[in-house]
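S.K.: any chance you could fold what I've pasted below:
(one chain, ligands or ions: 1)
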Amino acid sequence: MPEQCRYYVLGAFILGVALTAAYNKQASHQVSEDASSNRLLKQQQKLISKFARIDDLDTLKKSLLELESSFGTGTDTIKEGVEGCIGDTPLIKIKSLSDYTGCEILAKAEFLNGAGNSPKDRVALNIIDVAEGKGLLVPHSGDTIYEGTVGSTGISLAAICRARGYKAHICMPNDMAIEKSDLLLKLGAEVERVRPAPIVDQNQFVNLARTRAAEHTSNPDKPGRGLFADQFETEANWRAHFTGTGPEIYEQTGGFLDAFVSGAGTGGTISGVALYLKSKLPDLKVVLADPPGSGLFNRVKYGVMFDPKEREGTRRRHQVDTIIEGIGINRVTHNFDIGRELIDDAIRVNDDQAVGMARWLVEHDGIFVGSSSAVNCVAAMRLAKMLGPGHRIVTILCDSGARHLSKFWKTETIGGAEDDVSLEGILDA
Ligand SMILES: Cc1ncc(COP(=O)(O)O)c(C=O)c1O
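M.R.: Residues are numbered from 1 along each chain as shown. Predicted coordinates for the structure are as follows:
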């Protein structure tokens with residue numbers, strides 16, 4: 001294990017001990033309070049579901065009074081702005097996949113983060129908090145955050161920038177689903193859609209965002225300064241998952257899980273979660289879910305980054321076409337590298353498998369997700385079959401299918417289709 005990685009695992013362990021101690025201390029004061037408020041909540045939920053079955057108005061009014069008398073002062077449930085709606089996402093048991101595999105397949109519903117509706121909310125908030133802490137951003141001064149993103153990070157940054165008094169300027173490849181750039185424009189961000197290009201090209205979307213930030217700062221006619229968010233390389237990315245997503249999964253599962261499965265775009269999610277969870281559960285299996293055309297699968301499985309035909313810098317265009325957005329990359333970013341040694345295995349998922357899984361999740365579980373979430377679920381199911389029944393696997397649901405209507409979901413229709421495939425068929429696609 002490289003020195004840096006060892007340092008972070010140790011750091012994770014110490015943080016884990018500190019968080020657990022703090023949590024236990026708080027918990028000992030709060031345990032009875034929490035138990036009774038949970039009981040109350042359950043009671044209220046029962047009453048509310050009873051309401052749906054009441055036809056008689058007088059009985060309904062009586063039941064409402066009963067419910068009102070159980071309300072507390074309520075102030076502790078109020079969130080402090082949109083930033084307060086980030087994190088603490090639910091962990092959902094995907095029933096159809098769990099029943100089929102005999103494993104418990106649990107998914108962290110990151111699409112329920114409340115600003116930009118993806119795990120990138122955590123990252124964007126951390127980037128802005130860190131920059132504010134260093135005095136690099138002044139609200140309402142014209143300060144602008146520049147980012148190269150396939151969409152999700154840009155959407156999260158744009159929303160939080162609005163809440164904090166900054167501007168957002170987003171550079172993204174022009175082959176990403178159009179609804180993402182439409183949404184960015186509605187959030188008031190400036191958007192540059194550029195031709196897909198390898199990282200050696202100065203007009204590649206990440207390089208362009210870095211250049212635009214520098215141009216802003218050096219332009220005396222432009223108010224404020226430009227700040228390059230740099231999600232692929234910044235420490236603020238994996239740390240958001242190390243201090244948020246990882247501890248939440250640990251707490252929500254009570255520390256009982258056998259494997260964590262995730263795709264990697266910047267690598268922040270898989271690294272941050274792996275660094276935290278492996279410090280608590282050294283035997284945990286961490287598995288990368290990788291889409292077509294990504295070099296990470298080979299990096300994890302065989303220690304070499306590139307399939308020669310996929311290497312960035314040897315070509316001007318993408319050689320492998322995929323409709324999967326947000327995950328898969330052909331370079332080792334800092335955010336992937338920091339947790340690389342902790343990734344035990346990789347599973348390749350193709351477009352047909354991902355589309356089949358996305359359809360399956362809607363048809364059988366009412367869960368409507370985008371392409372990277374579908375890839376994660378295919379990999380989680382394949383891993384469940386490899387491990388055998390009785391294991392508990394956690395994965396991530398990154399964003400909603402609504403972000404993918406014009407591309408990933410374009411040709412799919414749902415509802416009683418005769419060609420409805422089996423899960424076995426999805427794995428074989
Ligand atoms: C929809 C979606 N899913 C997953 C990811 C990957 O997450 P990470 O960058 O933490 O590897 C991204 C990254 O942008 C994304 O946009």
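
S.K.: any idea how far the nearest residue to Asp121 once chain neighbours are set aside is from Gly293?
M.R.: Nearest residue to Asp121 in three dimensions, chain neighbours excluded: Asn113, at 3.8 Å (Cβ to Cβ, 6 or more residues apart in numbering). The way it works is simple: take the backbone N, C-alpha and C, and place the C-beta from them, glycine included. Taking Cβ to Cβ, to the nearest Å as the measure, Asn113 falls 27 Å from Gly293.

S.K.: Trp109 touches Thr89, doesn't it?
M.R.: Careful, residue 109 is Ala; it's not Trp. Yes: proximity of Ala109 to Thr89 meets the contact threshold set by Cβ atoms under 8 Å, at 5.0 Å.

S.K.: so between these two, which is more surrounded?
M.R.: Set Ala109 next to Thr89 and count neighbours by other Cβ atoms under 10 Å: Thr89 wins out with 25 against 17.

S.K.: got phi/psi on the residue nearest to Asp121?
M.R.: According to degrees, to the nearest 10, the main-chain angles of Asn113 amount to phi -60, psi 140.

S.K.: quick check: the residue lying closest to Val286 once chain neighbours are set aside vs the ligand, distance?
M.R.: Nearest in space to Val286, with sequence neighbours left out and distances taken as Cβ to Cβ, 6+ apart, is Ala274 at 4.5 Å. Separation of Ala274 from the ligand (Cβ to the nearest ligand atom, to the nearest Å): 11 Å.

S.K.: for the strand or helix carrying Ala274, enumerate the helices and strands it packs against.
M.R.: Following DSSP states H and E, one finds Ala274 within helix 268-280. Packing contacts for helix 268-280, counted by 3 or more Cβ pairs under 8 Å, 6 or more residues apart in numbering; DSSP states H and E, involve helix 3-51, helix 235-240, helix 246-252, strand 259-262, strand 285-290, helix 334-337.

S.K.: so what pLDDT did Leu106 get?
M.R.: pLDDT recorded at Leu106 is 98.

S.K.: in this structure it contacts Lys93, no?
M.R.: Yes: counting by Cβ under 8 Å, Leu106 touches Lys93, with 5.6 Å between them.

S.K.: so which of those two has more stuff around it?
M.R.: Set Leu106 next to Lys93 and count neighbours by other Cβ under 10 Å: Leu106 wins out with 23 against 13.

S.K.: so what's the backbone phi/psi at that one?
M.R.: Leu106 adopts backbone torsions of phi -110, psi 140, taken as degrees, to the nearest 10.

S.K.: for it, list each beta-bridge partner.
M.R.: Under DSSP bridges, the beta-bridge partners of Leu106 are Lys93, Val394.

S.K.: looks to me like Arg193 is in a strand.
M.R.: Yes: assignment of Arg193 by DSSP: H, G, I helix; E, B strand; the rest coil places it within a strand.

S.K.: tell me how far it lies from the ligand.
M.R.: Using Cβ to the nearest ligand atom, we find Arg193 at a distance of 16 Å from the ligand.

S.K.: and the pLDDT for that residue?
M.R.: 96.

S.K.: can you report how many residues lie near it?
M.R.: Neighbour count of Arg193, defined by other Cβ under 10 Å: 16.

S.K.: tell me who's in contact with it.
M.R.: Met172, Pro173, Asn174, Met176, Ser181 (Cβ atoms under 8 Å, 6 or more residues apart in numbering).

S.K.: just the buried ones among those, please.
M.R.: Buried members of the contacts of Arg193, scored by 16 or more other Cβ atoms under 10 Å, are Met172, Pro173, Met176, Ser181.

S.K.: enumerate every residue touching Gly339.
M.R.: Gly339 makes contact with Cys5, Trp238, Gly267, Ile270, Ser271, Gly272, Ala274, Leu275, Val286, according to Cβ under 8 Å, 6+ apart.

S.K.: need the pLDDT of the residue lying closest to the fifth one once chain neighbours are set aside.
M.R.: What that stands for is Ser271. Leaving out its chain neighbours, the residue that sits closest to Ser271 by Cβ to Cβ, 6+ apart is Gly339, at 2.7 Å. At Gly339, the predicted lDDT confidence score is 98.

S.K.: nearest residue to the middle of this protein?
M.R.: Pro119 (2.9 Å; Cα atoms, centre = their mean).

S.K.: what sits closest to it if chain neighbours are left out?
M.R.: Pro119's closest residue in space is Glu110 (Cβ to Cβ, 6+ apart), at 4.1 Å.
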